[in-house]
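[1] need coordinates for the below:
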Amino acid sequence: TKTVREMIVGSIDVILQAERLRDGSRRITKVTEVVGTEGEVVITQDLMTYEISGEDETGRLKGKHVGTGIVRPNFWERARYYNLERELAEALDALNA
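    I've put the predicted structure just below:
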């Protein structure tokens, strides 16, 4: 229902998605921000994804976390409130470099 969606949006800022990859390893593959709602739809935007670049000689997957270019997510003000905006900015800058 709409009320449940609004409760979710009001209480969740970020979703971390972990996956088991084909080599059996687990990685955080997405960091997604919950932005809000539009009608009946929860709006999200990815802040970071994990991109596989290949395999090493033992068959383990190689890859890296890559930012999506968002430098000021909607939860920026909450980070500022907790005096964490510098750390958030540094983390996002490192992903988007």
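[2] use CA for all of it now, contacts and neighbours both
    Fine.
[3] all strands in the protein, in order from the N-terminus.
    14-20, 26-38, 41-55, 61-67 (DSSP state E).
[4] could you point out the longest helix of this protein?
    Counting by DSSP state H, the longest helix found in the chain is helix 85-96.
[5] residues making contact with it?
    Residues from elsewhere that reach helix 85-96 (C-alpha atoms under 8 Å, 6 or more residues apart in numbering): 48, 65-72, 76-77, 79.
[6] go through it and flag the buried ones.
    Buried residues in helix 85-96, counted by 16 or more other C-alpha atoms under 10 Å: 85, 88-89, 92, 95-96.
[7] for the closest residue to residue 17 other than its chain neighbours, give its distance to residue 5.
    Sequence neighbours aside, residue 30 is the residue nearest to residue 17 in space, at 5.1 Å (criterion: C-alpha to C-alpha, 6 or more residues apart in numbering). Separation of residue 30 from residue 5 (C-alpha to C-alpha, to the nearest Å): 21 Å.
[8] before we move on, back to that, any of the contacts of helix 85-96 buried? List them.
    48, 65-67, 71, 79.
[9] for those residues, point out the one with the lowest pLDDT.
    Among the buried ones among the contacts of helix 85-96, residue 71 has the lowest pLDDT, at 89.
[10] for it, what are its contacts?
    Counted by C-alpha under 8 Å, 6+ apart, residue 71 has contacts 89, 92-93.
[11] closest to residue 26 out of these?
    Residue 26 lies nearest to residue 92 out of these, by C-alpha to C-alpha, at 22.1 Å.
[12] gap between the two ends of stretch 60-72?
    Length of stretch 60-72, first residue to last, C-alpha to C-alpha: 34 Å.
[13] tell me which residues form a beta bridge with the nearest residue to residue 29 once chain neighbours are set aside?
    Distance criterion C-alpha to C-alpha, 6+ apart; nearest residue to residue 29, sequence neighbours excluded, is residue 50 at 4.6 Å. For residue 50, the beta-bridge assignment (DSSP bridges) gives partners residue 65.
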